[in-house]
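K.L.:
3D model of this:
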Amino acid sequence: MNQDLKSVADQDISDISKILADRYRAGVGGRTHWLTYHLNKGRVTEFGQALICALASCEYRLPGLGERLVDELIGTGYTPAVQNPVAWRAGFQQLLQKFAEILVLRVLLEAPWPAGAQFQHEPANPTTGRRPELAVELEERVYLFEVKCPSLVDHQTARGANPRQIPARSTLGDTLRANQNPNEPVTWPRDNVLKDFLESADDKFSGFSAKETIGVLVVFWDAYVYEPISALKYPQSGLLTEHSFYQLNSVRVPFDSVDGVIMMNHLAVLHAGAQEQGHAHRPGFFRLDHVNGGLPNVWCQNIGGTQLDAFLMEALDAIPVEDAEQVEYQLHEFIVWINLPD
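P.N.:
Numbering: from 1, shown residues only. Got it, this is the predicted structure:
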């Protein structure tokens, strides 16, 4: 994009940002809502500015999308924590899911797709009726994306308190489960939630088009990304391996329509930003880059899946999981935590 066109786009996005911020304020009226602090007309926070810019970018590239996302934010139920902490937590989890969708949509819409790419937000699968997050149709193929953001609150609490952790199903884990000592609690894998995500994405992608289809599941997690990676790729039981623990009639469930999973270690960034606790390990709340020592996202390819294009890997700030050398990305069978609080 030349500088003149870039200036026009920047001005358009600035104008759209103001319209969308006003739309949110009008929608919530005078009541306290999730983003009334961040989008206060007198003082928009850094997080609020980043969110509105992401929404405006979506609106600029796919007219109507930014407005729809703002309306969905308005519709996310808010209950003050002092009144009902359970309802507050459920609402905050819905808010994080919406943030995750906004981030991925913004990144994908801004990616350097080949000329002629056609975008559809939540199109209906003609075979199953299910709706993936985004479809991008090219002349020769269709890309489908689904975004998931699990609730990790209880899991994080257990991880912070329990001295032992089993990230993936294994013989050792089976032995520990069979001989549980209540005085030595264990943090168990969150692999069932990943199994559910894969099933949902597979159903949304299957039979979507007569063209070649590339299906990508994007899952948000916190910085402990060895947990989902182990659940997906651990040789003895990983969901994306020949020996997956999820089988029907002793046959692995293959999730054939899911080519792979992008594990996005951005959940803590959104969580911290929404609560005015800083940036965590990335400089942008609704952008993806791991400069200044942050960790990249990783691509976990399914058996028989198509490798994701280089330009999409770069846009999603991802590397193949096999190339990730940091300890946070290594497969683990058993972890003993030390120096836990009394």
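K.L.:
all strands of the stretch 1-150 of the chain, in order?
P.N.:
All strands of the stretch 1-150 of the chain, identified by DSSP state E, counting those that start in this stretch, fall at 39-40, 43-44, 118-121, 134-137, 141-148.
K.L.:
redo those as a markdown table? Include distance to Phe255.
P.N.:
In short, each C-beta sits where N, CA and C put it, glycine included. As requested, the strands of the stretch 1-150 of the chain are exported to a markdown table (distance: least, C-beta to C-beta, whole Å):
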| stretch | distance to Phe255 |
| --- | --- |
| strand 39-40 | 39 |
| strand 43-44 | 42 |
| strand 118-121 | 22 |
| strand 134-137 | 18 |
| strand 141-148 | 12 |
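K.L.:
any idea which of these is most buried?
P.N.:
Of all the strands of the stretch 1-150 of the chain, strand 141-148 has the most neighbours on average by mean count of other C-beta atoms under 10 Å, namely a mean of 23.
K.L.:
contacts for that strand, please.
P.N.:
Contact with strand 141-148 is made by 97, 100-101, 104-105, 108, 132-137, 197, 200-201, 204-205, 208-209, 211-220, 312, as judged by C-beta atoms under 8 Å, 6 or more residues apart in numbering.
K.L.:
list the contacts for the closest residue to His121 other than its chain neighbours?
P.N.:
Nearest non-adjacent residue to His121, counting by C-beta to C-beta, 6 or more residues apart in numbering: Leu65, 5.4 Å away. Residues in contact with Leu65 (C-beta under 8 Å, 6+ apart) are Cys58, Glu59, Leu105, His121.
K.L.:
closest one of these to Gly160?
P.N.:
If you rank the contacts of Leu65 by distance to Gly160 using C-beta to C-beta, Leu105 comes first, at 31.9 Å.
K.L.:
so that closest one makes contact with Pro132?
P.N.:
No: using C-beta atoms under 8 Å, Leu105 makes no contact with Pro132, being 11.7 Å away.
K.L.:
what's the average pLDDT for stretch 284-298?
P.N.:
Averaging pLDDT along stretch 284-298 gives 82.
K.L.:
touching that stretch from outside, list them.
P.N.:
By C-beta under 8 Å, 6+ apart, stretch 284-298 touches 46-47, 50-51, 53-54, 99, 102-103, 106-107, 223, 225, 229, 262-266, 269-270, 273, 279, 281-283, 315-321, 324, 326, 328-329.
K.L.:
with respect to Leu69, which of the contacts of Leu65 is nearest?
P.N.:
The shortest approach to Leu69 among the contacts of Leu65 belongs to Cys58, at 6.4 Å (C-beta to C-beta).
K.L.:
which of the contacts of stretch 284-298 are buried?
P.N.:
Those of those that meet the buried threshold are 47, 50-51, 53-54, 99, 102-103, 106-107, 225, 229, 262-266, 269-270, 273, 279, 281-282, 315-319, 321, 324, 329, by 16 or more other C-beta atoms under 10 Å.
K.L.:
which of the residues you listed fall in helices?
P.N.:
Among these, the members found in helices (DSSP state H) are 47, 50-51, 53-54, 99, 102-103, 106-107, 229, 269-270, 273, 315.
K.L.:
now the two most distant members of those.
P.N.:
It's Cys53 and Ile229 that sit farthest apart of those, by C-beta to C-beta, at 30.9 Å.
K.L.:
find the residue at the geometric middle of the protein.
P.N.:
Phe220 (3.2 Å; C-alpha atoms, centre = their mean).
K.L.:
show me what that one bridges to in the sheet.
P.N.:
With DSSP bridges as the criterion, Phe220 is bridged to Met264.
K.L.:
my guess is it contacts Lys98, does it?
P.N.:
No: Phe220 is beyond contact range of Lys98, at 11.6 Å (criterion: C-beta under 8 Å).
K.L.:
what is in contact with these two at once?
P.N.:
Common neighbours of Phe220 and Lys98 (C-beta under 8 Å, 6+ apart) do not exist.
K.L.:
identify the residues contacting Thr36.
P.N.:
Arg25, Val28 are the contacts of Thr36 under C-beta under 8 Å, 6+ apart.
K.L.:
tell me how far it lies from Gln49.
P.N.:
15 Å (C-beta to C-beta, to the nearest Å).
K.L.:
same question, Val225
P.N.:
As judged by C-beta to C-beta, Val225 and Gln49 stand 28 Å apart.
K.L.:
same thing with Glu122?
P.N.:
Noted for Glu122: a distance of 26 Å to Gln49, by C-beta to C-beta.
K.L.:
domain-wise, how is this protein divided?
P.N.:
Using automatic domain parsing, the domain ranges for the chain come out as 1-110, 113-342.
K.L.:
for this structure, which helix or strand comes out least confident on mean pLDDT?
P.N.:
Of all helical and strand segments in the chain, the minimum by mean pLDDT, DSSP states H and E falls on helix 3-28, at a mean of 80.
K.L.:
surely Gln301 meets Gly260?
P.N.:
Yes: under the criterion of C-beta under 8 Å, Gln301 makes contact with Gly260 at 4.1 Å.
K.L.:
before I go, just wanted to say thanks for your time.
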